[in-house]
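Participant: Any chance you can model this:
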Amino acid sequence: MKKPVFVILLAFLPISLLAIKADFKFTGVCVGSETMLVSTTTPLDSIYQLSWDLDGNGKFNDAFGDTVISYFPLAGGYNVGLRVIAINGEQDAIYKSVPVASVEAAFSMDYTCRNLPVHFYNQSRVIEDIAFQFIWDFGDGTTGSFVPNPTHNYSHAGDFIVRLTVVSSFGCIDSAKRTVAIQNPPIVDISFSGDTIFPAGDSVIATVVGNFDSIFWSTGERTTSIIIRESGYYFVQAFLNGCYGEQFFSVTAVEDHTVRIMTVITPNGDGFNDRWEIFNLVEIEPCAVDIFNRWGQKVFSASPYNNDWDGTDQGRQLSNDTYYYFLRCNDATLRKGTINIVK
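Facilitator: Residues are numbered from 1 along each chain as shown. Reported below is the predicted structural model:
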């Protein structure tokens, strides 16, 4: 007799053997728009319930379902959570920072002078996103710019409305505008105490004429006047109300045997122009000299003169001023002129 054969039939239920894995994706939006949250939890056939924590308080009771539309009122990163319960009772949860972006356009500029570069500086603020595009309109009808920090030259003076529009990668957009007053550069004139061509060892004083906020010479000095002793090309910039003008000039010191008389002395002990000198004195010596102040008082006298007056009167240093000399030498010619003391 044969033994009975038992057949066991296994029924496969539609339940995945894979562990449940919570995840979701979201749209990047700007303030004022709604954010879409979409579950990407796997495996799909294991999901029993999806619940959302939209305010980041740890409670998954703000919304349910695989797709949620939420409105976040302010720019920033929002801590959003999704909890998933599987059919078999397994659970998984995940939190992500969901961005809500905004753009605040702003800019500044430096000097605003006609025919000189005006530099614009982007100072925009982008929250939870990056700036994607900068659009500049300089207000003078010329082609704008698409770089963050452009430079622009205005061909004429006047008031111009400059606008900056900033667009973020999410499509957020904001604009800022400012009125830029473009000025004509100030006119810079220079006066000289003597000839700009002078014998080696002598000097000339260059002075900016007019009132300015500040002055800058190519020598690095920032005073109204400078003393120049060497040949070369020089310039000065004079600033007024955020705008500046320039003036260029040249000075030449020459070697020759011409008798020349210094017009400036600087008795400050630095070894340059500390004494009043007659260049090539040997050509006309001996000489007798008398020097007077502006009130006609004699402050120095010598015969013969040996290029040794140091701007003093009986050992007392004279003040910065203009003094007058009378010089008689072996050729019987009366020479007269001014001497400026500058310390």
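
Participant: Could you pull out the strands in the stretch 1-150 of the chain for me?
Facilitator: In the stretch 1-150 of the chain, the segments counted as strands under DSSP state E, counting those that start in this stretch are 24-26, 29-30, 34-39, 47-53, 63-64, 67-71, 76-86, 91-104, 107-109, 118-122, 125-127, 131-137.

Participant: wait, which of the ones you listed is closest to F292?
Facilitator: strand 118-122 (53.6 Å; CB to CB). C-beta here means a position set from N, CA and C on the backbone, and glycine is covered the same way.

Participant: need the contact list for G210.
Facilitator: By CB atoms under 8 Å, 6 or more residues apart in numbering, G210 lies in contact with 186-189, 238.

Participant: could you flag which of the residues you listed are buried?
Facilitator: With burial judged by 16 or more other CB atoms under 10 Å, the buried subset of those is 186, 188, 238.

Participant: Give the rounded mean pLDDT of the strand or helix carrying the last one.
Facilitator: What that stands for is A238. Using DSSP states H and E, A238 falls within strand 232-240. For strand 232-240, the mean per-residue pLDDT is 95.

Participant: V282 - that's part of a helix, no?
Facilitator: Yes. According to DSSP: H, G, I helix; E, B strand; the rest coil, V282 belongs to a helix.

Participant: please renumber so the chain begins at 45
Facilitator: Right, with 45 as the first residue, what we last looked at is V326.

Participant: Could you give the number of residues near it?
Facilitator: By other CB atoms under 10 Å, the residues close to V326 number 9.

Participant: picking that back up, do you know which of the strands of the stretch 45-194 of the chain lies nearest Y369?
Facilitator: For Y369, the closest of the strands of the stretch 45-194 of the chain is strand 162-166, at 51.3 Å, according to CB to CB.

Participant: Quick check: neighbours of that closest one in the sheet, parallel or antiparallel?
Facilitator: strand 151-153 (antiparallel), strand 195-196 (antiparallel) (DSSP bridges).

Participant: I'd like those strands laid out as JSON lines, including mean pLDDT.
Facilitator: Formatted as JSON lines, these follow (pLDDT from 0 to 100):
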{"stretch": "strand 151-153", "mean pLDDT": "95"}
{"stretch": "strand 195-196", "mean pLDDT": "96"}
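
Participant: of all those, which lies closest to D110?
Facilitator: For the strands paired with strand 162-166, the distance to D110 is smallest for strand 151-153, at 44.3 Å, taking CB to CB.

Participant: Stretch 84-100: which residues count as buried?
Facilitator: Within stretch 84-100, the residues scored as buried using 16+ other CB under 10 Å are 85-86, 90-91, 94-98.

Participant: Would you mind giving the strands of the stretch 45-194 of the chain as TSV with distance to V333 added?
Facilitator: Shown next, in TSV, are the strands of the stretch 45-194 of the chain (distance: least, CB to CB, whole Å):
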stretch	distance to V333
strand 68-70	94
strand 73-74	85
strand 78-83	94
strand 91-97	100
strand 107-108	104
strand 111-115	95
strand 120-130	84
strand 135-148	74
strand 151-153	58
strand 162-166	56
strand 169-171	73
strand 175-181	67
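
Participant: wait, which of these is closest to D365?
Facilitator: Taking CB to CB, strand 162-166 is the member of these nearest to D365, at 43.9 Å.

Participant: who's in contact with the closest one?
Facilitator: By CB under 8 Å, 6+ apart, strand 162-166 touches 150-156, 178, 180, 192-198, 206, 208, 210, 224, 226.

Participant: Number of residues surrounding T187?
Facilitator: Counted with other CB under 10 Å, T187 comes out at 8.

Participant: any idea of the pLDDT on it?
Facilitator: Note on T187: pLDDT of 93.

Participant: quick one, phi/psi of it?
Facilitator: Dihedral pair for T187: phi -60, psi 140, per degrees, to the nearest 10.

Participant: got a list of what the closest residue to A332 other than its chain neighbours touches?
Facilitator: The spatially closest residue to A332, leaving aside those adjacent along the chain, is S347, at 3.6 Å (CB to CB, 6 or more residues apart in numbering). By CB under 8 Å, 6+ apart, the contact list for S347 reads 330-333.

Participant: Need the phi and psi values for S347.
Facilitator: S347 adopts backbone torsions of phi -150, psi 110, taken as degrees, to the nearest 10.

Participant: got it, and the one 3 residues further on?
Facilitator: Note on N350: its backbone torsions stand at phi -120, psi 30 [degrees, to the nearest 10].

Participant: got the contact list for the strand or helix carrying I234?
Facilitator: Assigned by DSSP H and E, I234 belongs to strand 233-236. Residues outside strand 233-236 that contact it (CB under 8 Å, 6+ apart): 248-254, 280, 291, 293.

Participant: List the beta-bridge partners for K140.
Facilitator: Taking DSSP bridges as the rule, K140 bridges to V124.

Participant: And S258, how close does it get to I226?
Facilitator: From S258 across to I226, the span is 20 Å (CB to CB, to the nearest Å).

Participant: Among those two, which residue is more densely surrounded?
Facilitator: Shown here are S258 and I226; by other CB under 10 Å, I226 has more neighbours (23 against 10).

Participant: Now the host helix or strand of G381 - C-alpha only, PDB.
Facilitator: Assigned by DSSP H and E, G381 falls within strand 378-385. Below are the C-alpha coordinates for strand 378-385, written out as PDB (Å, rounded to 0.1, in the frame of the first residue of the first chain):
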ATOM      1  CA  LEU A 378      72.300 145.800  -9.900                       C
ATOM      2  CA  ARG A 379      70.400 142.600  -9.600                       C
ATOM      3  CA  LYS A 380      67.300 142.400  -7.500                       C
ATOM      4  CA  GLY A 381      64.500 140.000  -6.900                       C
ATOM      5  CA  THR A 382      62.600 137.900  -4.300                       C
ATOM      6  CA  ILE A 383      63.600 135.000  -2.000                       C
ATOM      7  CA  ASN A 384      60.900 132.700  -0.600                       C
ATOM      8  CA  ILE A 385      61.600 131.000   2.700                       C
END
